[in-house]
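Novice: how would this look folded up:
(one chain, ligands or ions: 1)
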Amino acid sequence: MERTTETTNEIKVKWRCPSNIAIVKYWGKKDVQIPCNSSLSLTLNNSFTEVEVSLSEKTTMEAVELNYYFEGELNEKFGKRVADYLADNMEDFPYLRVSAVNINSTNSFPHSAGIASSASAFGAIALAMLDLTYILEEKEIDDEFYQKASRLARLGSGSACRSIFPAFALWGENDKVEGSSNDFAIEVETVHPIFRNMRDAILIIEDEPKKVSSTVGHGLMNEHPYAKQRFEQANKRTAELVQILKEGDFDAFIQICESEALTLHAMMMTSVDYYLLVKPGTLTAIEKLMNFRLEHLVPVCFTLDAGPNVHVLYPEKYAEQVEEFIKTELTDTYKKVIFDHEGQGPQKLNV
Ligand code: PMV
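Specialist: As a prediction, this is how the structure comes out:
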């Protein structure tokens, strides 16, 4: 049956996409979101974006007519970024030539939490927009759908491509990892039980918006005096981490994870236009966590995103002990804590 514009405009889809936290960091990019090194992340569960997307009749001559609502309010700033992204990827969303698109987006985490939302937002947008293409072309969702969604998510925000896959995802060509690609992420499938359902307690140290956007940060790697060594190091660590996840060596995981966090911030501090995102609370929390690990011999470690917040990572079986420590010993370092854990990837929801 051929669809008329009227039936096209009745279609509505809803997707949930989680955020992710990088263990090996992506920092530095070329051309259209091509990473300078491979990266590997943990997909989260409780920190996610949901988007409901519907089509309606176009009322303007704009190439892309988009109404973007965030938490019920028209958001022109992010809407402009999304509209530009859709215009650049028109051939994947051909219905945009004849229909206007309405996106209603919500986050599970408070806007001011300082959690990077572009990964989950672009993950959810790419999935929902591609789903519309598939529905209109009467195609089934299959593995190729997720690979395409990952590529499209990457074009919106690099790290978003990893959020399309459950648990551990790897992005960026790496000659030691079969199937790895600069275009999309892949799932790391062989994972030892110690890393299964890994916990991530996100300590919100500060909840102000980022001082320096990640786009500017990536750009600073172009002129960075240590760029070459950094990219080589990250590629080596990505391949090592794949092996560590397979073998279940948590001590080796801790070493890569914490050094990656500090290296990311070291890159920022040693850029030609240097800057500093860690806060006193970040350092206090890290120091206390390292002491706690030494004293109690508990496998727990930290990582950092491009901001002051501390992600505390630990195996599920140590959850009680670590969470008790976070709630008693670390309270004066953070404003809020979000307890999250390994997620199973995106989900299509009923509308
Ligand atoms: O996806 P972007 O462009 O926001 O960059 C994300 C960069 C880091 O979060 C700092 C590291 C990463 O690999 O996610």
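
Novice: on contacts alone, who are the packing partners of the longest strand along the chain?
Specialist: Counting by DSSP state E, the longest strand found in the chain is strand 39-57. Contacts of strand 39-57 with other secondary structure elements, assessed using 3 or more C-beta pairs under 8 Å, 6 or more residues apart in numbering; DSSP states H and E, are made with strand 12-24, strand 99-107, helix 118-136, strand 168-171, strand 199-204, helix 227-247, strand 336-341. The C-beta positions use only the backbone N, C-alpha and C, and glycine is treated the same way.

Novice: And what about residue 312, helix, strand or coil?
Specialist: Residue 312 carries the three-state label strand when classified by DSSP: H, G, I helix; E, B strand; the rest coil.

Novice: Mind putting the helices and strands packed on strand 39-57 into a markdown table with mean neighbour count and distance to the ligand?
Specialist: A markdown table is the format used below for the helices and strands packed on strand 39-57 (neighbours: other C-beta atoms under 10 Å; distance: least, C-beta to the nearest ligand atom, whole Å):
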| stretch | mean neighbour count | distance to the ligand |
| --- | --- | --- |
| strand 12-24 | 25 | 3 |
| strand 99-107 | 20 | 15 |
| helix 118-136 | 25 | 5 |
| strand 168-171 | 27 | 8 |
| strand 199-204 | 23 | 13 |
| helix 227-247 | 19 | 9 |
| strand 336-341 | 18 | 15 |
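
Novice: Relative to residue 260, which of the ones you listed is closest?
Specialist: Closest to residue 260 of the helices and strands packed on strand 39-57, according to C-beta to C-beta: strand 12-24, at 5.5 Å.

Novice: Name the strands paired with that closest one and say parallel or antiparallel.
Specialist: Under the criterion DSSP bridges, strand 12-24 sits next to strand 39-57 (antiparallel), strand 347-349 (antiparallel) in its sheet.

Novice: among the ones you listed, which is nearest the ligand?
Specialist: Distances from the ligand to each of those were compared using C-beta to the nearest ligand atom; the shortest belongs to strand 39-57, at 4.5 Å.

Novice: where does this protein come near the ligand, residue by residue?
Specialist: On the criterion C-beta under 6 Å from any ligand atom, the ligand has as its neighbours in the chain the residues 22, 25-27, 39, 116, 118-119, 157-159, 214, 264, 305-306.

Novice: Let's see that with 5 Å instead.
Specialist: When proximity is defined as C-beta under 5 Å from any ligand atom, the chain approaches the ligand at 22, 25, 26, 39, 157, 158, 159, 214, 306.

Novice: Thanks again, I'm all set now.
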